[in-house]
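Student: No sequence on hand, only this structure:
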DNA sequence: GCATGATCATGC
DNA sequence: GCATGATCATGC
């Protein structure tokens, strides 16, 4: 392998060169002495430096020194280099380990930009992405590159995706303009997110129009959107139903949804079923969900745009008196694993900060029909995060104190609680201290969700 | 009416 | 076989 032999003026040459490293690791291509030199650096940083692998690739594979300023890595060709980790699932499918971090958000200057001439587009419109297979506790030198592709944000993705990314960018920038950079959350947006990017959880930056300092953040492609790109790169396009099956509807997701529901709101489920051509002899239990699927033009519970944007659709049936009585569950946690996590990197924190919900609200009546009341996107507001942090920390503390049977109840916190969620009372897992306990998960309290729906 | 624990239906 | 979404059962 001849290193550094490419034309840095030409994106084709850069790509062709980079693709030679597919199925190879740094150790495969660098000499013994160089590997020794890198090993010394690894020891020095003890794995504490994020982005270290990317720096190594820039330096040793491409022979460019790493830079922090807002200019592309391959300046002349306008190409930005990204190295990012993928995992291989049991099903052999590749999936991204993380979001793909793009450029840092400069809160002070971004508010004066517009999309077409934004520094975001300037820096990220052409990305050379090198996906490598990550395995825990493996030496960086052994990571093997698996997929190497050039991604042109302006021409390689669909018009709808680009329109959505533009809308996401504008949503983020508008929030900063309002002096709310400290309230940014990845759940605010769909494909492009404002991801936290700090050397430590304490670091803060000043923002315009507010005296409150905000976490440093970078524009990033969400994990779920990156997953879609990966499948596309390896030739496996998503086959789920798309919201764009009807060409007269808007390109961006929220507008598309609002438009679809417009004419059905305040109608009964029977009326809507009739309009959509649904007829039952025996009404199935999930009839509300089936109605919504049909309304969205979906043939299963999965919808392309929702998968890409990490949106979960929840059908809510309010009681006759308007009360919401059921809380909302999150995935089961494993006692042995949650005690090893830290809050900012915990599953629950990630779910709250990255996920978006689409609530479709029905109201039950005295009769045997429901009324479709409203459709609302919702993501967890970051101003409430400290309350949930308490619940999470308390949960971890109690498990560590061998009290997995006494986790925070709904009375202990107004936003969240812990409750069983197994198949039945016998569906138990290891507590990590020699006993078994029924599977449990975090829930968002029904009352809290109801308040959110009313706001 | 609500807290709490439990379980069902469905589909991946 | 299991996670997920949705709902039920019981008792205070």
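Tutor: Done, it's in. Computed from a predicted structure; not experimentally measured.

Student: In the stretch 151-300 of chain A, which residue sits closest to DNA strand B?
Tutor: Per C-beta to the nearest atom of the strand, residue A:300 is where the stretch 151-300 of chain A lies closest to DNA strand B, at 3.5 Å. The C-beta positions use only the backbone N, C-alpha and C, and glycine is treated the same way.

Student: and the residue in the stretch 351-455 of chain A that DNA strand C sits nearest to, how many residues sit next to it?
Tutor: For the stretch 351-455 of chain A and DNA strand C, the shortest gap (C-beta to the nearest atom of the strand) falls at residue A:421, measuring 5.7 Å. Using other C-beta atoms under 10 Å, residue A:421 is surrounded by 17 other residues.

Student: Looks like it contacts residue A:429 (just checking).
Tutor: No: in this structure residue A:421 lies outside contact range of residue A:429 using C-beta atoms under 8 Å: 11.5 Å.

Student: and the residue of the stretch 151-300 of chain A closest to DNA strand B, how many residues sit next to it?
Tutor: Residue A:300, neighbours per other C-beta under 10 Å, totals 9.

Student: Which helix or which strand is home to it?
Tutor: For residue A:300, there is no enclosing helix or strand under DSSP states H and E.

Student: ok, back up a step: who's in contact with the residue of the stretch 351-455 of chain A closest to DNA strand C?
Tutor: By C-beta atoms under 8 Å, 6 or more residues apart in numbering, the residues touching residue A:421 are A:329, A:332, A:439, A:440, A:441.

Student: Reformat these as TSV; add secondary structure.
Tutor: Below are the contacts of residue A:421 laid out as TSV (DSSP: H, G, I helix; E, B strand; the rest coil):
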residue	secondary structure
A:329	strand
A:332	strand
A:439	coil
A:440	strand
A:441	strand
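
Student: Next one: residue A:50 from DNA strand C, what distance?
Tutor: Look at residue A:50 and DNA strand C: by C-beta to the nearest atom of the strand, to the nearest Å, they are 27 Å apart.

Student: What residues does the stretch 251-400 of chain A have near DNA strand C?
Tutor: Residues of the stretch 251-400 of chain A lying close to DNA strand C by C-beta under 7 Å from any atom of the strand are A:285-286, A:288-289, A:312-317, A:326-327, A:329, A:331-332.

Student: Narrow those residues to those in helices?
Tutor: Of these, the ones assigned to helices by DSSP state H are A:288, A:289.

Student: Any of the residues of the stretch 251-400 of chain A next to DNA strand C buried? List them.
Tutor: For those, a burial check counting by 16 or more other C-beta atoms under 10 Å picks out A:288, A:313, A:315, A:316, A:327.

Student: I'd guessed the third one sits against residue A:357; true?
Tutor: What it means is residue A:315. No: in this structure, residue A:315 is not within contact of residue A:357 by C-beta under 8 Å, at 11.0 Å.

Student: Now the terminal residues of stretch A:213-224, how far apart.
Tutor: Using C-alpha to C-alpha, to the nearest Å, the end-to-end distance of stretch A:213-224 comes to 29 Å.

Student: Kindly provide the whole-number mean pLDDT of it.
Tutor: Here stretch A:213-224 scores 96 as its mean pLDDT.

Student: try stretch A:88-100
Tutor: On average, stretch A:88-100 scores 90.

Student: Find out how far that stretch is from the centre of the chain, if you would.
Tutor: Mean-position distance between stretch A:88-100 and its chain equals 13 Å (C-alpha atoms, centre = their mean, to the nearest Å).

Student: Give me the contact list for it.
Tutor: A:82, A:84-87, A:129, A:131, A:133-134, A:146-147, A:186, A:193, A:195, A:220-223, A:226-227, A:230, A:234.

Student: Buried residues in it, which are they?
Tutor: By 16+ other C-beta under 10 Å, the buried positions in stretch A:88-100 come out as A:94, A:96, A:99, A:100.

Student: End to end on that stretch, go ahead and measure it.
Tutor: First residue to last in stretch A:88-100 (C-alpha to C-alpha) measures 17 Å.

Student: picking up where we left off before, which of the buried ones among the residues of the stretch 251-400 of chain A next to DNA strand C come close to DNA strand B?
Tutor: Answer for those near DNA strand B (C-beta under 7 Å from any atom of the strand): residue A:327.

Student: And the furthest pair within the buried ones among the residues of the stretch 251-400 of chain A next to DNA strand C?
Tutor: Pairwise distances across those peak at 18.0 Å for A:288 and A:327 (criterion: C-beta to C-beta).

Student: What ranges in chain A fall below the confidence cut-off?
Tutor: A:46-48, A:66-71, A:199 (pLDDT under 70).

Student: Now do the domain split for it, please.
Tutor: A:11-233, A:325-355+A:377-455 (automatic domain parsing).

Student: before we move on, the earlier item: from the contacts of stretch A:88-100, which ones fall inside strands?
Tutor: Filtering the contacts of stretch A:88-100 for membership in strands, criterion DSSP state E, returns A:82, A:84-87, A:129, A:131, A:133, A:146-147, A:193, A:195, A:220-221.

Student: ok, residues contacting the helix of greatest length in chain A?
Tutor: Secondary structure of chain A per DSSP H: the longest helix is helix A:159-177. Around helix A:159-177, the neighbours that count as contacts under C-beta under 8 Å, 6+ apart are A:105, A:107, A:110-111, A:113, A:115, A:118, A:120, A:153-154, A:157, A:181, A:183-184, A:188-194, A:207-209, A:219, A:244, A:251-253, A:308-309.
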